[in-house]
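Show me the folded form of this:
(one chain, ligands or ions: 1)
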Amino acid sequence: MPADATPNPTPTPEAGPTTGPTTGPTTGTTTGHAAAAAALAQVPSEPGAAKPDPIVIADNVKRSFGGLTAVDVEHVEIQRGVITALIGPNGAGKTTFFNLLTGFDQPDSGDWSFNGTSLRKKASHKVARLGMVRTFQLTKVLSKLTVLENMRLGATGQRGESFWAAPLKFLWGGQEDENTVRARELLARFKLDGKEKDFAGSLSGGQRKLLEMARALMVRPELVMLDEPMAGVNPALKQSLLGHVKSLREDGMTVLFVEHDMDMVRDISDWVIVMAQGKVIAEGTPDSIMADERVIDAYLGAHHDVDITEMEREIEQEHLEYGDPMGDSAHQPREEEK
Ligand SMILES: Nc1ncnc2c1ncn2[C@@H]1O[C@H](COP(=O)(O)OP(=O)(O)OP(=O)(O)O)[C@@H](O)[C@H]1O
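Numbers count the residues shown, from 1 in each chain. Just a heads-up that it's a prediction; the model follows:
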């Protein structure tokens with residue numbers, strides 16, 4: 001597919017998170033969870049399993065830091081049009097793998113393709129323009145620019161922090177109007193339209209995540225990669241964010257996300273890939289992965305405890321910052337506590 005191709009239609013301003021299958025814009029096929037499940041029905045639950053229509057194929061991708069092998073992925077395929085979760089314990093190599101796939105880091109060896117085009121040695125902004133964008137664990141919105149300015153920068157692809165600091169007018173050029181129209185459409189979709197003139201630094205953690213997701217869509221991507229989209233998001237915004245991620249699939253996009261929040265993984269993913277110590281150790285549907293003894297041993301057993309603690313800490317922090325998002329009723333004692 002050519003770099004300037006427009007694989008997906010511009011989401012309409014009123015298009016909020018949608019549910020239920022719709023018709024895919026490029027393939028004419030039905031999208032949604034049922035279609036994704038059908039597409040993956042014959043895929044065996046084993047590491048490196050071949051997919052019927054992979055958008056990304058990676059082979060022998062390795063990355064070491066000193067003596068530590070952070071990533072050592074022999075073979076992995078990401079199915080087009082579905083939501084795939086990439087899970088694994090802390091330090092498993094998930095973010096490093098994201099960095100490699102999107103050109104934010106270079107591997108020691110290996111190759112990977114997107115829509116059949118090798119991305120080895122492609123700079124991150126070129127990867128973005130090809131239709132593969134990502135967000136970051138710690139959002140990279142620019143605090144001292146307005147929400148709208150952050151969005152317009154998204155149209156240029158992702159070149160990293162130094163690029164963002166470049167003189168802005170030069171970048172917008174003649175495309176400013178078109179980009180502004182699209183930015184406003186996306187801000188409306190993500191319910192941030194009332195904040196376009198606010199500095200991004202004034203947004204809450206969850207709103208920054210929404211802004212980063214909206215900004216990623218400025219290049220009309222085919223594949224959206226989200227690194228821990230739920231981290232630091234208050235419970236009230238989590239449902240909205242989940243809806244937005246699902247709506248990407250309904251619009252025909254492919255989603256690959258890293259997440260520790262197992263509720264989110266169970267709720268929205270069609271397929272789960274598990275990494276541990278740099279390698280893919282398991283793949284399968286959410287149900288099969290949650291029941292896989294190797295995964296429980298390597299990750300889930302230990303991680304469920306961490307999850308609860310983290311969530312409690314998050315909620316406590318949010319109460320301090322924003323007040324109680326659930327309202328006073330959340331503090332009412334239960335019958336047995338009275
Ligand atoms: N720039 C770096 N320099 C040195 N070591 C690094 C670097 N980046 C990552 N690592 C190491 O590589 C390993 C994989 O890290 P990575 O962040 O990819 O894991 P992860 O699965 O994303 O973890 P988490 O879930 O905690 O985010 C870790 O041991 C980490 O300390």
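
Would you map the strands across the stretch 151-300 of the chain?
Assigned by DSSP state E, counting those that start in this stretch, the strands in the stretch 151-300 of the chain fall at 223-227, 254-258, 271-276, 279-284.

Pipe those into a markdown table and attach distance to the ligand per row.
For the C-beta atoms, the positions are set from N, CA and C on the backbone; glycine is no exception. Compiled in a markdown table, those are given as follows (distance: least, CB to the nearest ligand atom, whole Å):
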| stretch | distance to the ligand |
| --- | --- |
| strand 223-227 | 8 |
| strand 254-258 | 6 |
| strand 271-276 | 6 |
| strand 279-284 | 12 |
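
Save these as CSV, and put in mean pLDDT and mean neighbour count too.
CSV is the format used below for the strands of the stretch 151-300 of the chain (pLDDT from 0 to 100; neighbours: other CB atoms under 10 Å):
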stretch, mean pLDDT, mean neighbour count
strand 223-227, 95, 24
strand 254-258, 96, 25
strand 271-276, 95, 25
strand 279-284, 95, 22
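
As JSON lines, these with distance to D53 would be great.
What follows is those, written out as JSON lines (distance: least, CB to CB, whole Å):
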{"stretch": "strand 223-227", "distance to D53": "13"}
{"stretch": "strand 254-258", "distance to D53": "10"}
{"stretch": "strand 271-276", "distance to D53": "13"}
{"stretch": "strand 279-284", "distance to D53": "16"}
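
N150: which of these is closest?
Closest to N150 of those, according to CB to CB: strand 223-227, at 16.9 Å.

Wondering if whichever strand or helix holds E74 reaches the ligand at all.
Secondary-structure assignment from DSSP states H and E places E74 in strand 68-79. Yes: contact between strand 68-79 and the ligand is present through 68, 70 (criterion: CB under 6 Å from any ligand atom).

now whichever helix or strand T95 is part of against strand 254-258, angle please.
Secondary-structure assignment from DSSP H and E places T95 in helix 94-101. Compare the direction of helix 94-101 with that of strand 254-258 by axes from the mean of the first three to the mean of the last three CA atoms, to 10 degrees and you get 140 degrees.

after helix 94-101 comes which helix or strand?
Counting by DSSP H and E, the element after helix 94-101 in chain order, helix or strand, is strand 109-114.

And that following strand, what does it pack against?
strand 54-65, helix 94-101 (3 or more CB pairs under 8 Å, 6 or more residues apart in numbering; DSSP states H and E).

Now do that strand, average pLDDT.
Taken as a whole, strand 109-114 has a mean pLDDT of 96.

does V147 really touch G194, like I thought?
No: no contact is recorded between V147 and G194 when judged using CB atoms under 8 Å, the distance being 9.5 Å.

Between these two, which has more neighbouring residues?
The neighbour count for V147 versus G194, taken as other CB atoms under 10 Å, is higher for V147 (25 against 10).

what does the model give L241 for pLDDT?
The predicted local distance difference test score for L241 is 88.

And for it, the neighbour number?
If we define neighbours as other CB under 10 Å, then L241 has 21 of them.

The most centrally placed residue in the chain: what's its closest spatial neighbour, skipping adjacent residues?
Closest to where the C-alpha atoms of the chain average out (CA atoms, centre = their mean) is L226, at 1.6 Å. Leaving aside its chain neighbours, L226 sits nearest to F257 (4.0 Å; criterion: CB to CB, 6 or more residues apart in numbering).

Contacts only, for Q239.
Residues counted as contacts of Q239 (CB atoms under 8 Å, 6 or more residues apart in numbering): none.
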